[in-house]
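*Asks:* Can you look at this prediction? I've put the sequence above it.
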Amino acid sequence: MTETTLAVEMRGIVKRFPGVVANDHVDFDVRVGEVHALLGENGAGKSTLMNILAGLYGADEGTIRVHDRVVKLHSPRDAIAVGLGMVHQHFTLVDSLTVTENILLGLDEPRFWMNLPLYEAKVESLAAKTGLAVDPAAKIWQLSVGEQQRVEILKMLYRGAEILIMDEPTAVLAPQEIDELFETLRGMTAAGASVVFISHKLDEVTRIADRVTVMRRGQVTAAGEPAAGKTKRDLAQLMVGREVLESIDKATVSPGQIVLEMTGVSATSDRGLRCLDAVDLRIRSGQIIGLAGVAGNGQSELAEVITGLRECTGSIKVNGQELANRPVAEAIDAGVAHVPEDRTGIGSAPNLSLTDNLIMKAYRSRPIGHGWSIDDSVARARAQELKDLYEVSAPSINTQARLLSGGNLQRLILAREISSEPGLMVAVQPTRGLDVGAIETVHKLLLEQREGGMAVLLISEDLDEILMLADRVAVIYEGRISRSIPVGEAEVGELGLMMTGSVTDATAGPTPRA
Amino acid sequence: MSATSPTRRSLLPFALRMERRLESPRGLGALTTIGAVVVALLISAVIIWWQGGDPIDVYAHIVRSSLGSIGVVSDTLVKATPLIFTGLACSVAFRMRLWNIGAEGQLMMGAWGASAVVLVGWLPDGTASFIYLPLMLLAGLGMGGLWGGIAGWLRARFNVNEIITTLMLVYISQEWVKFWVFGPWSEGGFQMTERFPREAWLPRLTDHSDLVSDFAGLTVHLGFALAVVAAVAVWWFLNRTGKGYEIRLIGDNPRAARYAGIDIGRTIILVMLISGALAGLAGAAEVSGVVHRLQDNFSPGYGFTGIIVAFLARFNPLGVIVAAIAFGALILAGREIQPAGIPQMIQGVVLFCVIASDVFLRYRVRLVRR
């Protein structure tokens, strides 16, 4: 087995989704026995590319060779048949079944009689051989996240995978578990397997990868270069990029009094891990603070503690009123608006009408609410007015929210939140997945609110967006927020390093907080 | 991305393709329901024919014996009255995806509460109707609400599945009523209480035959009017009040409801109280308007039929009135049709078809040539 033998070779892969080219003539290859890191921001196209390789999507153009043979992958079954197995970020395990049962799930063998002991022995020997220690008879719910991940890997190896695609495998792991995972991966590549390692975290990439490919906006910006020769700074620059920004007129607004003041706020995630760590943050009226960071570093949880959706320790004051661990309704009354990341799952009620969706935060108070009752005609008039003003394109205010496109749904949510005349707006990934026109609308609306004296916390993964809109920028990484610095002083490469956890603070000197 | 099913090899020259509906035309719900009922009647006809019956004869008989004369229409409305209440009880809860399947138990407790007003003997003989009746209805409402509220509290506080608790509470309530009618309130050892005094009866049309002679023999009672009023009130509650809006919001997307600042636990308890109270009214109206005493097995499963009524009405309170009358007619006809299982069979098939027809509300079905 020589270094240069190619296990996988993808050439000229094109994949279009409505309105976007997710992969634009992408070339990618994996050698036998290497760990190949695939770097890029969310939406850069790396997941799409790997889903094509795993047989989940069909490519519109391009060829895939596995061990020098052209393959057509129509399903994950085809992919696994040629030795390609993907471990997804969100595990696909059945909690109430044992490890062995999960591994056998969907296979043709055993047919009717389970004969579990036989297969448990098989799984055990495979686990021993690959160093993926796990009890084959244990139920999934009894295992730690790291062990569950091993089961996912075993599942693929049991099916004969020689090329393992791992989608952000470290995102859910504790540091100790990450070390163990890397140990396993090294063992596997030494035995002749190949690993594609999707990640945002430069530290990990430089630790584990032999080569690295960087993607940005659907294209490859660095193809299969030796990881050893790259500095983190180079990689960050390649990943985050810097494009000439469309100029946007930003009026000068002098910041007013402090609206949001968070001191020492910590919280735990749904999994019980610490996701916010002694966060301090201040926002003044007429100011947009851009919070940059790669998804999953505590952004959603930060928005949730401010809006009362998540418990925390520490103090959160909005216009002097303490809101930590208070009911959501109290935050709404205190003038906190929230544009959630999950527009369909949290921000709207899909089967209810536009009217019902637009009055979500206004139905308790006049003129819509009168004690117990709701004035339907006022509600409908208000909905019609907002629909026209914010150009939500839909047949009528009776249309169900689920029928709206992403951009229109976001206009609806912004219409609702802005019309509540809040003092503070928490906007999480407000433009993700939107087309250019809708993005412009959202940007325009946010800047208008800033001029109107609102304090805005803009949480985004898109650095360009933050640099364009925000007055000051801070970076969140693993639940810790850096000091904020004026956007003018921010340097893209430095921010990129901070977002990927390579340096912890932007400037060494004492920068006054916002 | 369009939601098309993966293509499979097929022997047919056509493929069925399901496409997600982007628009829901007005009246599609009602139209689909009517279509589903027609299909159900056709399926039932085949079964009746297979059993050696003449379907047309059977259907004609059902219509005759439930709607054929003013007398049987009155009987149909009597049967429909508890079904409207239990149908409303289920609709309110189901709107929030709170599966209260124990309306039967709440009905039992409501009937017991109303009976207790008469039987504990605190009110002197000859107490006027206008004191008896409101107290009985309030007691029924309260006991039903309590019974529903227990399940609601358990769900809100400990996240105990309400399907289990409401069903279990049915059995408790049945034994509870049995205990009282066999024991303390038994009349001469029979499994029934003594007959209530006239003042504790809900007024019937026949009671006023001295004013309008045509009312003679019409047993439809004030409970029916109350049920219709309740339906309108529930409609108003769900569509025109803040709480009703919260219920609809929680039912559609609990996470959005939480985001909108709604206390979901409190709303669960409130809804179960309301749902139980409505079912309790069914029990109170039944003992006070029809049976005039509490007895074992006085309900032929009105609470459970209420579930079907609610689904048939697609949880629309005004639709509940129509669905309840249709089922009242079926129950009435059931007494005369042989084999007696036919009306239940029709009920089952109707429910099955209505639930299955939901798919046509969400999807447009197309035949595509290969």
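*Replies:* Received the coordinates, thanks. Residues are numbered from 1 along each chain as shown, chains lettered A, B, ... in the order given.
*Asks:* Chain A - how does it break down into domains?
*Replies:* A:6-94+A:161-240, A:254-335+A:423-514, A:351-421 (automatic domain parsing).
*Asks:* for these, which one sits closest to chain B?
*Replies:* Closest to chain B of the domains of chain A, according to Cβ to the nearest Cβ: domain A:254-335+A:423-514, at 3.4 Å. (Each C-beta comes from the backbone N, C-alpha and C, glycine too.)
*Asks:* pLDDT of that closest one, averaged?
*Replies:* Domain A:254-335+A:423-514 shows a mean pLDDT of 84.
*Asks:* Please state the offset of it from the chain centre?
*Replies:* Chain-centre distance of domain A:254-335+A:423-514: 16 Å, with Cα atoms, centre = their mean, to the nearest Å.
*Asks:* And chain B, is that domain touching that?
*Replies:* Yes - residues of domain A:254-335+A:423-514 contacting chain B under Cβ under 8 Å from any Cβ of the partner chain: A:307, A:308, A:309, A:327, A:328, A:329, A:330, A:331, A:332.
*Asks:* now those residues in a markdown table, with secondary structure and neighbour count?
*Replies:* A markdown table is the format used below for the residues of domain A:254-335+A:423-514 next to chain B (DSSP: H, G, I helix; E, B strand; the rest coil; neighbours: other Cβ atoms under 10 Å in any protein chain shown):
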| residue | secondary structure | neighbour count |
| --- | --- | --- |
| A:307 | helix | 21 |
| A:308 | coil | 25 |
| A:309 | coil | 20 |
| A:327 | coil | 14 |
| A:328 | helix | 22 |
| A:329 | helix | 15 |
| A:330 | helix | 15 |
| A:331 | helix | 26 |
| A:332 | helix | 24 |
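*Asks:* before we move on, the earlier item: of all the domains of chain A, which lies closest to residue B:282?
*Replies:* Smallest distance to residue B:282 across the domains of chain A (Cβ to Cβ): 24.6 Å, for domain A:351-421.
*Asks:* distance between the ends of the closest one?
*Replies:* Taking Cα to Cα, to the nearest Å, domain A:351-421 runs 26 Å from one end to the other.
*Asks:* Strands of the stretch 101-250 of chain A, residue ranges please.
*Replies:* Residue ranges of the strands in the stretch 101-250 of chain A, as given by DSSP state E, counting those that start in this stretch, are A:163-167, A:194-199, A:211-216, A:219-226.
*Asks:* got a markdown table for those, with mean pLDDT and mean neighbour count too?
*Replies:* Formatted as a markdown table, those follow (pLDDT from 0 to 100; neighbours: other Cβ atoms under 10 Å in any protein chain shown):
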| stretch | mean pLDDT | mean neighbour count |
| --- | --- | --- |
| strand A:163-167 | 90 | 24 |
| strand A:194-199 | 89 | 25 |
| strand A:211-216 | 88 | 24 |
| strand A:219-226 | 84 | 16 |
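*Asks:* just checking, what packs against whatever helix or strand residue A:457 lives in?
*Replies:* For residue A:457, the host element (DSSP states H and E) is strand A:455-460. Applying 3 or more Cβ pairs under 8 Å, 6 or more residues apart in numbering or on different chains; DSSP states H and E, we find strand A:455-460 packed against strand A:258-268, strand A:274-284, strand A:288-292, helix A:299-307, strand A:424-428, helix A:436-451, helix A:463-469.
*Asks:* does any bit of whichever helix in chain B runs longest sit next to chain A?
*Replies:* As assigned by DSSP state H, the longest helix anywhere in chain B is helix B:129-158. No - Helix B:129-158 lies out of reach of chain A by Cβ under 8 Å from any Cβ, never closer than 15.1 Å.
*Asks:* and the helix or strand just after that helix, C-alpha only, in PDB?
*Replies:* Where DSSP H and E defines the elements, the next helix or strand beyond helix B:129-158 is helix B:162-182. Output of helix B:162-182 as PDB, limited to C-alpha atoms (Å, rounded to 0.1, in the frame of the first residue of the first chain):
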ATOM      1  CA  GLU B 162     -52.900  11.800  29.700                       C
ATOM      2  CA  ILE B 163     -54.100   8.900  27.500                       C
ATOM      3  CA  ILE B 164     -53.300   6.500  30.300                       C
ATOM      4  CA  THR B 165     -54.600   8.600  33.200                       C
ATOM      5  CA  THR B 166     -57.900   9.600  31.600                       C
ATOM      6  CA  LEU B 167     -58.600   6.000  30.600                       C
ATOM      7  CA  MET B 168     -57.800   4.700  34.000                       C
ATOM      8  CA  LEU B 169     -59.900   7.400  35.600                       C
ATOM      9  CA  VAL B 170     -62.800   6.000  33.500                       C
ATOM     10  CA  TYR B 171     -62.600   2.700  35.300                       C
ATOM     11  CA  ILE B 172     -62.400   4.400  38.700                       C
ATOM     12  CA  SER B 173     -65.400   6.500  38.000                       C
ATOM     13  CA  GLN B 174     -67.500   3.500  36.800                       C
ATOM     14  CA  GLU B 175     -66.700   1.700  40.000                       C
ATOM     15  CA  TRP B 176     -67.400   4.800  42.000                       C
ATOM     16  CA  VAL B 177     -70.900   5.100  40.500                       C
ATOM     17  CA  LYS B 178     -71.400   1.400  41.000                       C
ATOM     18  CA  PHE B 179     -70.500   1.700  44.600                       C
ATOM     19  CA  TRP B 180     -73.100   4.400  45.200                       C
ATOM     20  CA  VAL B 181     -76.000   2.800  43.200                       C
ATOM     21  CA  PHE B 182     -75.400  -0.600  44.700                       C
END
